[in-house]
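Novice: Sharing a sequence plus its predicted fold:
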Amino acid sequence: MQKKSYLPMHYIGLISLKDSMKKVITNNFFFLSIIICTSLFGQNKIEKVLQAHKLYGEKQYKAALELYNKVENKGSGTWYNMGNCYYKTDNALQALICWKKAEQYATWKEFKAIHHNIDQAYEKLGIIGITKKESFLRHARRYLSTFSLFGWQIIFLILWTLMLFTGASCIQKKRYYSMTMLALFVILSATSVFTKYTLINKPSGIVTKENLIVYAGPNDEFHDIGTVIQADHLTICQEEKEWLKIKYNDIQGWVSRNDVAVI
């Protein structure tokens, strides 16, 4: 019968330490690689944006657009500058599309400049004035931009919790005014959460064709039910292959995806 051989405790400790060091080095190398790649990617993006800004300042708008188009995960500033480049090259429709995209990510302070430019594009495209719906959406976006969706959710939860804990006390002490005001703030914050979520997750689009026929189904073999014109802002309800189900005022039907720029 062979005797079992045991290593002295200090050798086991050294081996365990070596194994642990290998694991630490391996894990650190993995995370370090991610950090380096992320940093290089971010630096590359910043360099492209800065080069594009420089070209824009030198009035080389087409060259600036080439660089802006290569930037991934564009923010409101990039979309805004792209719109400016298109406008300077007499492409008001593409300028409008870019400014509409900038509007999606804009902060409260950026809305004034964006809306001014959108109005300039409308004027150049022969569209005088904006609809009541768009006017309402402008005010709603500007108001909702004060907080992110997560921020509005936190505000709602705080107010809701406050109402639950203080509601009974307010009623017992006949503080109806306080209770009413608190309930109104809860309703307002809940509405803000719902509206913000809808604006973020409900896609829309800009018509790029002069006269776009709206069909009853996702095929041009269906009968047409109306027409939308270039630069009209549509709500996209459904997508099916090369067709989009849209809603515009009282018209609801299907249009070709190729003739709509999705915002």
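Specialist: Great, that's in hand. Numbering: from 1, shown residues only.

Novice: Every contact and neighbour count from this point should use C-alpha atoms.
Specialist: OK.

Novice: So, low pLDDT: which residues of the stretch 1-150 of the chain?
Specialist: 1-43 (pLDDT under 70).

Novice: rerun that using 50 as the cut-off
Specialist: 1-41 (pLDDT under 50).

Novice: what's around Phe165, how many residues?
Specialist: 11 (other C-alpha atoms under 10 Å).

Novice: same for the helix or strand encompassing it, what does it pack against?
Specialist: If you go by DSSP states H and E, Phe165 is part of helix 149-172. Packed against helix 149-172 by the contact rule (3 or more C-alpha pairs under 8 Å, 6 or more residues apart in numbering; DSSP states H and E) you find helix 176-201.

Novice: ok, and what's touching stretch 178-197?
Specialist: 141, 144, 149, 152-153, 155-156, 159-160, 163, 167, 170-171 (C-alpha atoms under 8 Å, 6 or more residues apart in numbering).

Novice: what do you get if the cut-off is 6 Å, keeping everything else the same?
Specialist: Trp152, Phe156, Leu159 (C-alpha atoms under 6 Å, 6 or more residues apart in numbering).

Novice: Could you do stretch 113-127 as well?
Specialist: Against stretch 113-127 from outside (C-alpha under 6 Å, 6+ apart): Ala92, Leu96.

Novice: now do 7 Å
Specialist: Ala92, Leu96, Trp99, Glu103, Ile128 (C-alpha atoms under 7 Å, 6 or more residues apart in numbering).

Novice: coming back round to it: which of the contacts of stretch 178-197 lies closest to Ile200?
Specialist: Trp152 (13.2 Å; C-alpha to C-alpha).

Novice: And for the spatially closest residue to that closest one that is not a sequence neighbour, the neighbour number?
Specialist: Counting by C-alpha to C-alpha, 6 or more residues apart in numbering, the nearest residue to Trp152 once its immediate chain neighbours are dropped is Val193, at 5.7 Å. Applying other C-alpha under 10 Å, we find 21 residues neighbouring Val193.

Novice: Also the one 3 residues further on?
Specialist: Using other C-alpha under 10 Å, Lys196 has 23 other residues around it.

Novice: Helices along this protein, start to end?
Specialist: 9-57, 61-70, 76-88, 92-105, 111-124, 132-144, 149-172, 176-201 (DSSP state H).

Novice: Distance check, Lys241 against Phe222.
Specialist: Going from Lys241 to Phe222 by C-alpha to C-alpha, to the nearest Å gives 16 Å.

Novice: what about the two, which has more around it?
Specialist: Neighbour tally, Lys241 and Phe222, criterion other C-alpha under 10 Å: the higher count belongs to Phe222, 12 against 8.

Novice: Confirm for me that that one is in contact with Tyr215.
Specialist: Yes. Between Phe222 and Tyr215 there is a contact at 5.9 Å, judged by C-alpha atoms under 7 Å.

Novice: Now Tyr61. Nearest residue, chain neighbours left out?
Specialist: Tyr61 sits nearest to Cys85 (C-alpha to C-alpha, 6+ apart), 5.2 Å away.

Novice: And for Ser256?
Specialist: Ser256's closest residue in space is Trp243 (C-alpha to C-alpha, 6+ apart), at 4.8 Å.

Novice: For the one you found, grab the count of nearby residues.
Specialist: Trp243, neighbours per other C-alpha under 10 Å, totals 19.

Novice: now Leu96
Specialist: Leu96 has 27 nearby residues by other C-alpha under 10 Å.

Novice: one step back: turn the helices of the chain into JSON lines, columns for distance to Val228.
Specialist: Formatted as JSON lines, the helices of the chain follow (distance: least, C-alpha to C-alpha, whole Å):
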{"stretch": "helix 9-57", "distance to Val228": "34"}
{"stretch": "helix 61-70", "distance to Val228": "28"}
{"stretch": "helix 76-88", "distance to Val228": "23"}
{"stretch": "helix 92-105", "distance to Val228": "15"}
{"stretch": "helix 111-124", "distance to Val228": "16"}
{"stretch": "helix 132-144", "distance to Val228": "16"}
{"stretch": "helix 149-172", "distance to Val228": "32"}
{"stretch": "helix 176-201", "distance to Val228": "22"}
